[in-house]
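Chemist: one predicted model, sequence on top.
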Amino acid sequence: MKVAFLVGRFPVLSESFILNQIAGLIDRGHEVDIYALDGAADHGAKVHPIVKKYHLLERTYYSPSAPKSQEDFTPEDNEFIAELFKRHPEVCEDLADVSKQGTRAIKFKLVYKAVPFLEGKTYDVIHCQFGSIGLMGLLFRNLGLLKGKLITIFRGSDISKYLQKWGDNVYDQLFQEGDFFLTNCEFFRKRAIKLGCEADKILILGSGIDCSKFAFTPRYFPADGRVRIATTGRLVEKKGIEYGIRAIASLAKTYPNIEYNIMGDGELREHFEQLIAELNVGHIVNLVGWKQQEELIEILDHSHILIAPSVTAADGNQDAPVNTLKEAMAMGLPVIGTLHGGIPELIEDGISGFLVPERDSDAIADKLGHLIEHPEIWADMGKAGRDRVEAKYDMNKLNDQLVEIYQTQLASESHTRSLVA
């Protein structure tokens, strides 16, 4: 099969679930092209190993960056736009017409995003990562720039935060004209159906991890008595990291021999630095920044407990069962998560870890204290977590399912053609 992956920025370190799907398709002999509609991600020199191993940048086509405002247009931009309109007058006029409201920059935004497709592209499957990208894919297909079965997967912000910004009807046309849909958890599948997606056109396909890369190690109370706790995620409101920091500050009054490592970066870093200073926990709380997968594994390998304190952000943003949580569970760490989004579909409360209410640092501290007091349950919880991840989120099983979904959609198209003939 020939598959087009439509994404936002690429490659994004935190979106290993997309990289895993691409690698899985290539391993199974399928041809994959990647279209980054929002340009390249910027993580400095940090690159996910899959990007290097599969030479994914050589498969990637980037939409050029559009000017952000009227004042940002340069003579070169004017020449570029003029040439595009000269070569593809009808398509460019249609794209500009779709975004005709607002400034000149908004008017031509879609023209820039469509540049990689202006010569026309044909695929068996057009796989749009995130609902907002699905809207782009549908537009380009309707304009004749893309051909193929349109499959869109909803992953979190696109079916939470995006709705709060654009309204509950934003996906009406996509649900009607798209060929098939996926979500990464039941929580978001139910929401998509409530919004108007036909129940028989949408399935759950979890975000998979390569369990073989995350060696399972039973956790026991450390000989030096220093319990190491970890959190992995972007430093944004949705990840609830503030409540993890506050929980650690509270816990340290009773258990001073703890260490809390937070892996990730983002817009709230300065806020967290100030909070850590205010709570006087700089000696035990470490903001260690972005980590490549190998670095992340090394830190988790020396950790005993992971907390994932996700919350519903003020802008409506919510999490699915996050991959970093799965990775920690696969490695044998007991975990603490929140009653939030799709996380309860991953953590079995009291079996592989604990679930607490959102924004409740006292509840997090209470469960951490319980785990520190009862290290004899760590190994069993870790084993239950590993079993759960292997059963539901093994990348190889999920990639096989993805191929089956593609094939089913293509077979239905062939059947329809035979009936018409």
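Modeler: Cool, got the structure. Numbering: from 1, shown residues only.

Chemist: who's in contact with F175?
Modeler: 181, 192, 195-198, 201 (C-beta atoms under 8 Å, 6 or more residues apart in numbering). (C-beta placed from N, C-alpha, C; glycine too.)

Chemist: try A4
Modeler: Per C-beta under 8 Å, 6+ apart, neighbours of A4: 32-35, 121, 123, 125-127, 146, 148.

Chemist: quick one on the thing from earlier: among the contacts of F175, which are in helices?
Modeler: Mapping these onto helices (DSSP state H) picks out 192, 195.

Chemist: out of the contacts of F175, flag the one nearest to A365.
Modeler: Lowest distance from A365 to the contacts of F175 (C-beta to C-beta) belongs to A192, with 35.6 Å.

Chemist: give me the buried subset of the contacts of A4.
Modeler: Buried residues within the contacts of A4, counting neighbours by 16 or more other C-beta atoms under 10 Å: 32-35, 121, 123, 125-127, 146, 148.

Chemist: ok, back up a step: I'd like the contacts of F175 as JSON lines, with pLDDT, neighbour count and distance to K367 appended.
Modeler: Putting the contacts of F175 into JSON lines (pLDDT from 0 to 100; neighbours: other C-beta atoms under 10 Å; distance: C-beta to C-beta, whole Å) gives the following:
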{"residue": "F181", "pLDDT": "98", "neighbour count": "25", "distance to K367": "36"}
{"residue": "A192", "pLDDT": "97", "neighbour count": "22", "distance to K367": "32"}
{"residue": "L195", "pLDDT": "97", "neighbour count": "17", "distance to K367": "34"}
{"residue": "G196", "pLDDT": "97", "neighbour count": "13", "distance to K367": "39"}
{"residue": "C197", "pLDDT": "98", "neighbour count": "23", "distance to K367": "36"}
{"residue": "E198", "pLDDT": "97", "neighbour count": "11", "distance to K367": "40"}
{"residue": "K201", "pLDDT": "97", "neighbour count": "14", "distance to K367": "39"}
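
Chemist: and the contacts of F175 as JSON lines, adding distance to Y220?
Modeler: Shown next, in JSON lines, are the contacts of F175 (distance: C-beta to C-beta, whole Å):
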{"residue": "F181", "distance to Y220": "44"}
{"residue": "A192", "distance to Y220": "43"}
{"residue": "L195", "distance to Y220": "47"}
{"residue": "G196", "distance to Y220": "51"}
{"residue": "C197", "distance to Y220": "46"}
{"residue": "E198", "distance to Y220": "50"}
{"residue": "K201", "distance to Y220": "48"}
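
Chemist: ok, of the contacts of A4, which one's closest to V51?
Modeler: Here the nearest of those to V51, counting by C-beta to C-beta, is I34; it sits at 10.3 Å.

Chemist: thought the closest one was touching S63?
Modeler: No. Applying C-beta atoms under 8 Å as the test, I34 and S63 come out as separate, 11.7 Å apart.

Chemist: can you pull the domain assignment for the chain?
Modeler: 2-208+395-420, 211-392 (automatic domain parsing).

Chemist: ranking those domains by burial, who's on top?
Modeler: domain 211-392 (a mean of 19; mean count of other C-beta atoms under 10 Å).
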